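*Asks:* A structural model of the following input is requested.
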Amino acid sequence: MTAHPPVAAHHLRARPRSAVIPLAAVCALVLGTALTGCAQQRDGDVYTVMNSSTDETYHRWDAEAMARCGERLGVTIEQQSVPASQVMTKALRMASSKSLPDIVQFDASEMPTFAEAGGLVDLRTLGLETEGIPEGIVDFGSYEGTYYGAARSVNTLALFYNKDILDAAGAEVPATWDELRQTAKKLTQGKRYGLALSAGGAEDGVFQFTPFMWSNGGDERDLDSPEVVEALDYWKALLEDGSLSKSTVNWTQADVNDQFMAGNAAMMINGPWQVETLNTKKSLNWEIARIPVPERGADSVGPLGGAVLTVPDTGDPGRQKTAGRIVACMAGEEEQLTYALNSWMVPAHGEAAAQWREQVPELDALADQVAAARSRTAQLGAGWSGVSLALQSAFQSALTGQSSEAALKRAQQRATSGN
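*Replies:* As a prediction, the model looks like this:
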């Protein structure tokens with residue numbers, strides 16, 4: 001299958017977190033700014049948005065959205081783009097010099113760190129509402145129940161499959177863990193594996209594990225629970241069957257896509273940021289489905305990925321109010337739909353997502369997956385980074401010989417102690 005949006009899209013994925021910054025340092029820098037106000041002299045009608053749209057295509061799309069919103073609101077909106085891994089550190093440096101931009105687009109997994117330090121404004125106090133946005137996406141932009149970040153669109157994972165390979169083998173698209181294991185084993189032939197996924201020691205691997213953990217009732221606050229152990233045991237079973245490559249412990253999500261495109265995997269777990277690359281191979285007849293679940297009828301609960309627009313507390317209520325109006329425009333239904341169709345993301349608002357389904361019906365399963373998806377930081381906020389690092393180590397240990405129970409017991413100890 002080739003999916004056809006109105007314009008070409010560029011890769012977008014759940015970005016790995018940058019190096020963890022001690023919360024005490026964040027608090028010192030951010031609270032100092034909030035208490036003393038913003039020292040930088042600002043042009044009253046010029047507002048700045050800092051984001052990670054360094055790619056030319058994304059930078060242009062954002063510039064166009066800012067121009068439309070600026071015209072509607074009677075202000076000029078300027079874009080300042082830095083690499084994704086530098087957004088947090090750049091924001092902290094600007095906080096220390098009291099020169100924060102009016103709006104910062106954080107990766108949603110990093111936003112709680114800035115919010116916990118008291119550096120963000122509650123968007124509801126600026127007039128933004130969450131009616132019509134699924135609860136999981138509201139949580140995606142929230143910290144401890146306060147709505148700090150508005151998502152324009154989100155992504156998650158799905159099961160991609162080579163329809164020609166499944167048809168030739170007389171295989172149905174799997175819907176349960178048992179079916180996925182049987183189908184993957186059946187499709188493993190010669191140099192081709194039945195399934196490819198990322199189980200590497202990075203956020204990619206954790207992102208891919210969460211649908212198995214959460215759909216099985218597991219919880220990131222209790223990593224050595226039977227439900228999480230069972231999910232990791234399932235990954236181990238796929239590896240022991242020969243349905244996964246032993247290299248899965250080293251693969252990123254981009255590596256997984258390369259294997260699928262090369263015909264070395266009949267199915268893969270991946271996200272919509274791969275669609276543009278998949279479409280370059282016209283002979284590849286791919287389709288997507290929801291990620292299989294332990295028992296038929298259960299919810300397939302995947303992770304939400306993407307970024308949120310936030311308003312830093314600069315000590316200037318008037319500018320913050322206008323910044324809130326800019327966020328409301330950029331995250332409004334019309335702009336959401338435009339951005340989502342460009343980038344293969346799914347709109348955050350329910351009505352915009354319904355229109356998206358109509359325009360890109362071949363990705364309908366992705367919208368179903370998003371509707372049940374969860375924020376990685378909803379339970380733990382800024383504490384997610386410790387859990388992620390602990391899980392990464394557990395994958396490496398369990399998939400190279402250690403028992404899942406022992407690996408996850410150690411992971412829980414690491415997540416609790418921070419060591």
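*Asks:* model confidence over the helix or strand where residue 414 lies, on average?
*Replies:* Element membership for residue 414 (DSSP states H and E) is helix 404-417. If you average the pLDDT over helix 404-417, you get 95.
*Asks:* in it, what counts as buried?
*Replies:* 404-405, 407-408, 410-412, 414-415 (16 or more other Cβ atoms under 10 Å). All C-beta atoms are positioned from the backbone trio N, CA, C, and that covers glycine.
*Asks:* Equivalent analysis for stretch 335-353, please.
*Replies:* Within stretch 335-353, the residues scored as buried using 16+ other Cβ under 10 Å are 335-349, 352-353.
*Asks:* Quick check: the residue positioned nearest the centre of the chain vs residue 51, distance?
*Replies:* Centrality entry for the chain: nearest residue to the mean C-alpha point is residue 305, 1.2 Å, by Cα atoms, centre = their mean. Taking Cβ to Cβ, to the nearest Å as the measure, residue 305 falls 16 Å from residue 51.
*Asks:* Residue 47 contacts residue 323, doesn't it?
*Replies:* Yes. Using Cβ atoms under 8 Å, residue 47 makes contact with residue 323 at a distance of 6.2 Å.
*Asks:* Compare neighbour counts for those two and give me the winner.
*Replies:* residue 323 (28 against 23; other Cβ atoms under 10 Å).
*Asks:* is it true that that one touches residue 126?
*Replies:* Yes. Assessed by Cβ under 8 Å, residue 323 is found in contact with residue 126 at 7.5 Å.
*Asks:* joint contacts of the two?
*Replies:* residue 311 (Cβ atoms under 8 Å, 6 or more residues apart in numbering).
*Asks:* For the stretch 101-250 of the chain, just list every one of the helices.
*Replies:* For the stretch 101-250 of the chain, applying DSSP state H, counting those that start in this stretch gives helices covering 111-116, 135-140, 163-168, 177-187, 203-215, 226-241.
*Asks:* correction: the stretch 301-419 of the chain
*Replies:* Going by DSSP H, counting those that start in this stretch, the stretch 301-419 of the chain shows helices at 317-330, 333-343, 350-359, 364-371, 384-398, 404-417.
*Asks:* by contact count, what packs against the lengthiest helix in the chain?
*Replies:* Longest helix in the chain, counting residues (DSSP state H): helix 56-73. On a contact count with 3 or more Cβ pairs under 8 Å, 6 or more residues apart in numbering; DSSP states H and E, helix 56-73 meets strand 46-51, strand 76-81, helix 317-330, helix 333-343.
*Asks:* For these, give me a markdown table that also has mean pLDDT.
*Replies:* Output for those, formatted as a markdown table (pLDDT from 0 to 100):
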| stretch | mean pLDDT |
| --- | --- |
| strand 46-51 | 96 |
| strand 76-81 | 97 |
| helix 317-330 | 97 |
| helix 333-343 | 93 |
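*Asks:* Relative to residue 175, which of the ones you listed is closest?
*Replies:* helix 333-343 (26.3 Å; Cβ to Cβ).
*Asks:* tell me the angle of that closest one relative to helix 364-371?
*Replies:* 130 degrees (axes from the mean of the first three to the mean of the last three Cα atoms, to 10 degrees).
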